[in-house]
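Peer 1: give the three-dimensional model of this entry:
(chains A and B)
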Amino acid sequence: MNETKKKVSEPLLQISKRDAMPWWKSYLVRAAAILLALLISGIITAALTKANIFVLYKTMFVNTLAVVKKNKLVFSVTKLWTILQEVAILLCVALALTPAFRMHFWNIGAEGQVLMGAFGCAAVLITLTGKVPVPVLVLLMIVASIVGGALWGVIPAIFKAFFGTNETLFTLMMNYVAAQLISFSILHFGWGASKGMNYTGVINLLGANKRVGWFPSIFGQQYLMNILIVAVLTVLLYVYLKYSKHGYEISVVGESENTARYIGVNVKKVIIRTMILSGALCGISGLVLVAGTDHSLSTGTAGGRGFTAIMVTWLAHFNPAYMALTSFLIVFVERGTKELSTAYAQISDNLADVLVGIVLFCIIGCEFFINYRVRVHLPKNRKEGKAE
Amino acid sequence: MNETTVIELKHVSKRFGRILANDDVDLDVLQGEILAVLGENGSGKTTLMNMIAGIYYPDAGEMYINGQHAVIRSPKDAFSYGIGMIHQHFKLIDVFTATENIILGLKDKGRYNLSEAKRQVRAIADKYGFIIDPDKKIYDMSVSEKQTVEIIKVLYRGANILILDEPTAVLTPQETETLFSVLRKMKEDGKSIIIITHKMHEVLSLSDRVAVLRKGRHIGTVDTKYATESSLTEMMVGKKVTLNIERTEPVNPVDRLTISDLTVMNREGVKVLDHISFTARSGEILGIAGIAGSGQRELLEAIAGLQKMSEGTISYVDPKSGETVDLRDKTPMQIRELGVRLSFVPEDRLGMGLVGNMDIIDNMMLRSYRRGSGIFVDRKKPKDLAETIIQDLQVVTPSTSTPVRRLSGGNVQKVLVGREIASSPTVLMAAYPVRGLDINSSYMIYNLLNVQKANGTAVIFVGEDLDVLIELCDRILVIGSGKITGIVDGRKADKEEIGSLMTKTVSFSEGMVR
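Peer 2: So this is what the prediction gives:
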């Protein structure tokens, strides 16, 4: 064979699929991704504020859980509870999405389903307070929330099951309908905070019906009830998905409808049943938001959580246990960047969104390195490096 | 034979994750020869060929084309070296004509000159004896016509080295003969041809040399004239294997499943099955032969309750009570509730029979998860079953909790067949159960079917390899475009007879041959 000295150029990047990475290594990669994200966001923020990068990190981490009292930073229990309650609500919406996502039913209508739950709860509170006994009112409130959410979940499911419509578009559109329905009702029934406003004031704030229908404080903590509800739901859903026959059917339908038909699963029934569950859980999120947190209703009650929750579920690979972690991560980063924007005038609220974006980008991007191996062929001396 | 080396591989390796697909392979291809590449599943045949064709890039090693050190990073690079590959799955655009598909993607200056291209396509076809209509749309074509388009596409681009990945898997015996005569003409013209195949008799009748791969390594290349079926098998498997299928006489067969006038329409309202009538008997293997897509899938799915029938009856005779039940328009659930132990190994293993992302235990549960009254599933029994199957059928898997998609094709099939026979079925239907399986696994599957037959199960076996059908089955039913074109005795039938029945189109009355 004649050895030609012809210049040979190999591909610069060679990507190949890897076998399963050991779990500890994949967690190291994810941790590295979070660190990288913090580094990038730190550099960007430092460049904008000209502040010391470590001072920035301190602001982000410490101020999130502390307040300044007499020129000293003191740990703040209120801030902790606020964060935990935010985590709980985000987690609740993420939990609601999980059965649907496991079924590969891309429900991006959580925003609308939560709104409908909130709508049901608020409508009962506004119209029936003082007219029925309190226990009946609370029961009706719960039922109305669940029915509201479930209804918004089941409509796209029926169309998907019987006519094969695209659930992504359908659920998305339903969000707008829900928001407009709330806007219309508040205006039409005169529920607004003042005339012509499309948001209500705080419901049952004062007077004889003060705090009627509100979640009670437990041990003096007004948000503890919310957190307990979500904690119980997390455990129940985990068990339902992992150990119940329904949960098994959901996984089979999600992985392959053909297999589901082959073993005699009624696919239509499973789709509809699961979306009722998903919508109902969204409805409960709406209930928690109105009765446990906001005590008011507006088109912004869901606050984009229906979309943020999509990321929470995906990041946790549809596992309810991990979702507690991912929703905490997202809430913490959001809060931290808010603190930054309070501390530095150069930073606007919008930067907070950019920083959250950077964190998500890094975490999602690192999955690529968990699944694939990238080898770099440097053109000159053909050194082989392994990028992780 | 001309002894010029056109391709030389040196120490080529390729790794996918933990799996070493090719390990230090040295291989050479001579000008004007037909080289057969033989090996079991997962022995790295296709990976190796994909590296030559530029689909994959090797992790290590070098390639020389016509003595020049070559770096092939893409199929385009491969074409510049005159290498073209015809893949198992065709890559054609349905709504385009043959010619349009052939010239598609070529960077000619200005506009495509279709009439000139057509003339060239005809010239290539005439030269090698292809039969092609350059203006025919792909969606009007049979599988073998599509394959012809793929081959001409490669030749049109000036390929001198052709790689064919299991080209005969989808062809009838007659079509295979035509393809082989074309390949021989190309060889005479000085082209080099590499053909991947599982079928030993094709290797022996067509090739000049055989390269055998085993577990990613190149075991050796031998001249075909010195090779025999058993010597090649020994090289492939690494030990001596006996290749005989035992066929026992059916023990007091009784009618178990009687199909009459079964008719199925597809979504466009075309009859995919047209008045099919036959009987499957206990203790007997009934083979179904036919060109792929002649209605085999619909037939089995109709029996399994997955396909709507527009006409006909399916009556099942209960072996215990002797009562007859009609299975028409029953869902798989209802069939089970009637006490009919019907097992079905579908053609699409990971898309229908199993769930690729689930582990072996959860896949065992597919059939049994409804058992028990509670709302929770019982994973204990499926786990026991999984362990039994792994042991009895020698499934190679790291553990019972490995997702089945990570297993090799043969092991996936063992898991599926194992689950289906675990419920001691009275009717067992298997569609292409050895497709893509290597020799060892195939014989294990034949053996399992024979055991079921001995247990008195009515076995329905849809196969593509006529040699196997003739060796294994008691009776063979031949389907041609949705109609029964004949039922022959497996002990007396010959390949040519079945082959001609497969392509025969019959009027309705002739289709009733019993």
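Peer 1: and stretch A:24-42, C-alpha only, in PDB?
Peer 2: The C-alpha coordinates for stretch A:24-42 follow below in PDB (Å, rounded to 0.1, in the frame of the first residue of the first chain):
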ATOM      1  CA  TRP A  24     -23.800   9.500  39.800                       C
ATOM      2  CA  LYS A  25     -22.000  10.700  36.800                       C
ATOM      3  CA  SER A  26     -25.100  12.000  35.200                       C
ATOM      4  CA  TYR A  27     -25.900  13.900  38.400                       C
ATOM      5  CA  LEU A  28     -22.300  15.300  38.400                       C
ATOM      6  CA  VAL A  29     -22.900  16.600  34.800                       C
ATOM      7  CA  ARG A  30     -26.200  18.200  35.900                       C
ATOM      8  CA  ALA A  31     -24.600  19.800  38.900                       C
ATOM      9  CA  ALA A  32     -21.800  21.100  36.600                       C
ATOM     10  CA  ALA A  33     -24.400  22.500  34.300                       C
ATOM     11  CA  ILE A  34     -26.000  24.500  37.200                       C
ATOM     12  CA  LEU A  35     -22.600  25.800  38.200                       C
ATOM     13  CA  LEU A  36     -21.900  26.800  34.700                       C
ATOM     14  CA  ALA A  37     -25.200  28.600  34.500                       C
ATOM     15  CA  LEU A  38     -24.500  30.500  37.600                       C
ATOM     16  CA  LEU A  39     -21.100  31.400  36.300                       C
ATOM     17  CA  ILE A  40     -22.500  32.700  33.000                       C
ATOM     18  CA  SER A  41     -25.300  34.600  34.700                       C
ATOM     19  CA  GLY A  42     -22.800  36.000  37.200                       C
END
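Peer 1: buried set for it?
Peer 2: For stretch A:24-42, the neighbour count (16 or more other Cβ atoms under 10 Å in any protein chain shown) marks A:26, A:29-30, A:33, A:36-38, A:41-42 as buried. Every C-beta, even on glycine, is put in place using the N, C-alpha and C of the backbone.
Peer 1: farthest-separated two in these?
Peer 2: Pairwise distances across the buried residues of stretch A:24-42 (Cβ to Cβ) peak at 24.6 Å, for the pair A:S26 and A:G42.
Peer 1: shaky segments in chain B?
Peer 2: B:1-2, B:17-18, B:108-109, B:241-243, B:505-514 (pLDDT under 70).
Peer 1: close to chain B: what parts of the stretch 101-250 of chain A are there?
Peer 2: A:243-246, A:248 (Cβ under 8 Å from any Cβ of the partner chain).
Peer 1: give me that answer again for 7 Å
Peer 2: Within the stretch 101-250 of chain A, the residues that sit near chain B (Cβ under 7 Å from any Cβ of the partner chain) are A:243-245, A:248.
Peer 1: quick one: A:K160 from chain B, how far?
Peer 2: According to Cβ to the nearest Cβ, to the nearest Å, A:K160 and chain B sit 19 Å apart.
Peer 1: err, A:T171, not the other one
Peer 2: From A:T171 to chain B the distance is 24 Å (Cβ to the nearest Cβ).
Peer 1: export the buried residues of stretch A:24-42 to CSV and tack on pLDDT and distance to B:S144?
Peer 2: CSV is the format used below for the buried residues of stretch A:24-42 (pLDDT from 0 to 100; distance: Cβ to Cβ, whole Å):
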residue, pLDDT, distance to B:S144
A:S26, 82, 47
A:V29, 88, 49
A:R30, 85, 51
A:A33, 90, 51
A:L36, 91, 54
A:A37, 88, 55
A:L38, 85, 60
A:S41, 85, 60
A:G42, 85, 64
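Peer 1: does B:R122 really touch B:D133, like I thought?
Peer 2: No: using Cβ atoms under 7 Å as the test, B:R122 is too far from B:D133 to be in contact (9.8 Å).
Peer 1: which among the residues of the stretch 101-250 of chain A next to chain B end up buried?
Peer 2: Counted by 16+ other Cβ under 10 Å, those give A:243, A:245, A:248 as buried.
Peer 1: OK, contacts around the second one?
Peer 2: Residues touching A:K245, when contacts are defined by Cβ atoms under 7 Å, 6 or more residues apart in numbering or on different chains, comprise B:369-370, B:375-377.
Peer 1: so where do the strands sit in the stretch 51-200 of chain B?
Peer 2: Taking DSSP state E, counting those that start in this stretch, the strands of the stretch 51-200 of chain B run over residues B:60-65, B:68-70, B:83-86, B:161-165, B:192-196.
Peer 1: no no, the stretch 401-514 of chain B
Peer 2: B:427-431, B:458-462, B:475-480, B:483-489.
Peer 1: present those strands as TSV; the columns should include mean neighbour count and distance to B:A211.
Peer 2: Shown next, in TSV, are the strands of the stretch 401-514 of chain B (neighbours: other Cβ atoms under 10 Å in any protein chain shown; distance: least, Cβ to Cβ, whole Å):
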stretch	mean neighbour count	distance to B:A211
strand B:427-431	26	32
strand B:458-462	27	32
strand B:475-480	24	34
strand B:483-489	21	37
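Peer 1: go through those strands and name the closest to A:K210.
Peer 2: Comparing those against A:K210 with Cβ to Cβ, the closest turns out to be strand B:427-431 (70.5 Å).
Peer 1: can I get the closest one as CSV, trimmed to CA atoms?
Peer 2: Taking C-alpha atoms only, strand B:427-431 is exported to CSV below (Å, rounded to 0.1, in the frame of the first residue of the first chain):
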residue,chain,number,x,y,z
VAL,B,427,-53.8,-20.8,19.2
LEU,B,428,-50.4,-19.2,18.6
MET,B,429,-50.0,-16.7,15.8
ALA,B,430,-46.5,-15.6,14.9
ALA,B,431,-45.8,-13.0,12.1
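Peer 1: what angle separates that strand from strand B:458-462?
Peer 2: If you take axes from the mean of the first three to the mean of the last three Cα atoms, to 10 degrees, strand B:427-431 sits at 10 degrees to strand B:458-462.
Peer 1: what's in contact with strand B:427-431?
Peer 2: So strand B:427-431 is in contact with B:256-257, B:280, B:296-297, B:300, B:303-304, B:342-347, B:420-421, B:449, B:452, B:457-462, going by Cβ under 7 Å, 6+ apart.
Peer 1: do stretch B:27-34 as well
Peer 2: By Cβ under 7 Å, 6+ apart, stretch B:27-34 touches B:1-9, B:35, B:161, B:183, B:187, B:190-195, B:206-209, B:211, B:218.
Peer 1: and these near chain A, which?
Peer 2: Applying Cβ under 7 Å from any Cβ to the contacts of stretch B:27-34, those adjacent to chain A are B:E8.
Peer 1: can I take it that A:R211 is in a helix?
Peer 2: No: going by DSSP: H, G, I helix; E, B strand; the rest coil, the assignment for A:R211 is coil, not a helix.
Peer 1: quick one, phi psi at it?
Peer 2: Dihedral pair for A:R211: phi 60, psi 20, per degrees, to the nearest 10.
Peer 1: just checking, A:I229 touches A:V288?
Peer 2: Yes: using Cβ under 7 Å, A:I229 makes contact with A:V288 at a distance of 6.2 Å.
Peer 1: who has more neighbours out of those two?
Peer 2: A:V288 (29 against 18; other Cβ atoms under 10 Å in any protein chain shown).
Peer 1: pretty sure the more buried one is touching A:L90, no?
Peer 2: No: A:V288 lies out of contact with A:L90 (Cβ under 7 Å); the separation is 11.0 Å.
Peer 1: distance between the ends of stretch B:72-91?
Peer 2: Stretch B:72-91 has an end-to-end distance of 20 Å (Cα to Cα, to the nearest Å).
Peer 1: who's in contact with the nearest residue to B:I103 once chain neighbours are set aside?
Peer 2: Spatially, and ignoring its direct neighbours in sequence, B:I103 is nearest to B:A117 (4.8 Å; Cβ to Cβ, 6 or more residues apart in numbering or on different chains). Shown in contact with B:A117 (Cβ under 7 Å, 6+ apart): B:99, B:102-103.
Peer 1: in helices only, show me the buried residues of stretch A:24-42.
Peer 2: Members of the buried residues of stretch A:24-42 lying in helices (criterion: DSSP state H): A:26, A:29-30, A:33, A:36-38, A:41-42.
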